[in-house]
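**Student:** return a 3D structure for these sequence lines:
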Amino acid sequence: METKLKAKLVRYVVGLIGIFVLFVTAACHPASPAAKEKEKRPPLRYPYIYWGGYYPLMIAKEKGFFAEQGVDVELIFSADGFAIIPDFVAGKFDGVTYTMDVVLHALSKDPGIRVILAPGEPSGADVVMARPEITRISDLKGKKIAVEKSGSWAELLLGEMLKQDNLTLDDVTLITATETDIVTYLRDNTIQAGYTWDPYATQAAKGGAKKIFSSKQTPGLLPDFVMFRKTVLDERPKDVQRFIRAWFQAVDFWEAHPQEGNEIIAKGQGTPVSEVTREGYEYFSRAHNHKAFAARSGPGSLTALADRYLEFLVQDGQLERRPDVSAIFDSSYLPSDSTP
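**Tutor:** Numbering: from 1, shown residues only. The predicted model follows:
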């Protein structure tokens, strides 16, 4: 009996020692800062629409590049591209991709917004589709042209188009319509031309419309920009850097595996693979970004482009005052030129 009691006592003491060792080990080796950081962080909330400037995000999500880089990202589809802007400013999204006019509108409401990446620009993806009887730009004088939102980058594009045949926006009537409406409006002769992009441009062409102008004729006018609220950048700088690295990883993957990339994007937006292409949109490299962010003037300078848009928006009455753009471009989140 005494032997059994001694054996139980030994086992009890050994058990206590084991628990103590585990406790000490846990205390001496707490969860790593990265693990704790990940536990506390919610996913970055990022909206997307059917547009080339967002396509690599679908690839990054599907191929696990965000996870590989160590950041959790929730992509949220929006059928209304303009609706995501007030939601972004209100803090419902952490970041967003859009053109310079929208960047400046957002900056006028939230001075803390920062542009951290220029993902690319349309090089033929933005198009003006016209009815069959419109054979040249001058034929649009006195006609109705649809644009989703006046005072936007699309209006700048239309102005550049009309200028080629010595016309101005005062020579036409602008009609507000979404890119999807344009397909029907062209067919019904509600409008004689309209600004849109694929897959809607292809759908309009099937109905007899034809392309009369595109962003390929206005290089440097309509680049996209990734912007984040400064509060997010201050609280989660590493996550934002990981987001950007995953973006470039997806762009590189799509270039190396075009068919698989097209299939991922087609699945993500519910369209035929035949309607997905890299053509018409130029994706900017790491080196291009570093150069554009550093330039203060001349071709390719983001600061010069911001000034051009500011002049347009103020003259058009879209902005009551000129927001300060001196600190809006922040290249510190970009990977180095040599990052694979």
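**Student:** every contact and neighbour count from this point should use C-alpha atoms.
**Tutor:** OK.
**Student:** touching, residue 192 and residue 141? I think so.
**Tutor:** No. Contact status for residue 192 versus residue 141: not in contact, 10.3 Å apart, counting by C-alpha atoms under 8 Å.
**Student:** quick check: the residue nearest to residue 72 when sequence neighbours are not counted vs residue 115, distance?
**Tutor:** Among residues not flanking residue 72 along the chain, residue 43 sits closest, at 4.7 Å (C-alpha to C-alpha, 6 or more residues apart in numbering). Separation of residue 43 from residue 115 (C-alpha to C-alpha, to the nearest Å): 20 Å.
**Student:** these two: who's more crowded?
**Tutor:** residue 115 (23 against 14; other C-alpha atoms under 10 Å).
**Student:** where along the chain do the strands fall?
**Tutor:** Counting by DSSP state E, the chain has strands at residues 44-48, 73-77, 95-99, 114-117, 120-122, 127-130, 144-147, 173-176, 193-196, 210-214, 224-228, 281-283.
**Student:** quick one: the closest residue to residue 162 other than its chain neighbours from residue 120, how far?
**Tutor:** Once flanking residues are discounted, residue 162 sits nearest to residue 168: 5.6 Å by C-alpha to C-alpha, 6+ apart. Separation of residue 168 from residue 120 (C-alpha to C-alpha): 28 Å.
**Student:** more neighbours, the two?
**Tutor:** Neighbour count, other C-alpha under 10 Å: between residue 168 and residue 120, residue 120 has more, with 21 against 15.
**Student:** isn't that one right up against residue 282?
**Tutor:** Yes. The criterion here is C-alpha under 8 Å, and residue 120 meets it with residue 282 at 5.4 Å.
**Student:** who touches both of those two?
**Tutor:** Shared contacts of residue 120 and residue 282 (C-alpha atoms under 8 Å, 6 or more residues apart in numbering): none.
**Student:** and for the residue nearest in space to the middle of the chain, nearest residue in space, chain neighbours not counted?
**Tutor:** Against the mean C-alpha coordinate of the chain, by C-alpha atoms, centre = their mean, the closest residue is residue 97 at 2.7 Å. Excluding its sequence neighbours, the residue lying closest to residue 97 (C-alpha to C-alpha, 6+ apart) is residue 226, at 4.4 Å.
**Student:** okay, residue 289: pLDDT?
**Tutor:** Note on residue 289: pLDDT of 95.
**Student:** report how many residues lie close to it.
**Tutor:** 22.
**Student:** now the strands of the chain in TSV, with mean pLDDT and distance to residue 55?
**Tutor:** Below are the strands of the chain laid out as TSV (pLDDT from 0 to 100; distance: least, C-alpha to C-alpha, whole Å):
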stretch	mean pLDDT	distance to residue 55
strand 44-48	96	8
strand 73-77	95	11
strand 95-99	94	11
strand 114-117	96	15
strand 120-122	91	11
strand 127-130	94	18
strand 144-147	93	23
strand 173-176	91	26
strand 193-196	93	17
strand 210-214	93	20
strand 224-228	96	13
strand 281-283	93	11
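**Student:** which positions within stretch 105-116 qualify as buried?
**Tutor:** 105-108, 111-116 (16 or more other C-alpha atoms under 10 Å).
**Student:** let me redo that: stretch 294-302
**Tutor:** 294, 300-302.
**Student:** got the contact list for the closest residue to residue 75 other than its chain neighbours?
**Tutor:** Nearest-residue entry for residue 75: residue 46, 5.0 Å, with adjacent residues in sequence omitted and distances by C-alpha to C-alpha, 6+ apart. Going by C-alpha under 8 Å, 6+ apart, residue 46 touches 73-76, 93-96.
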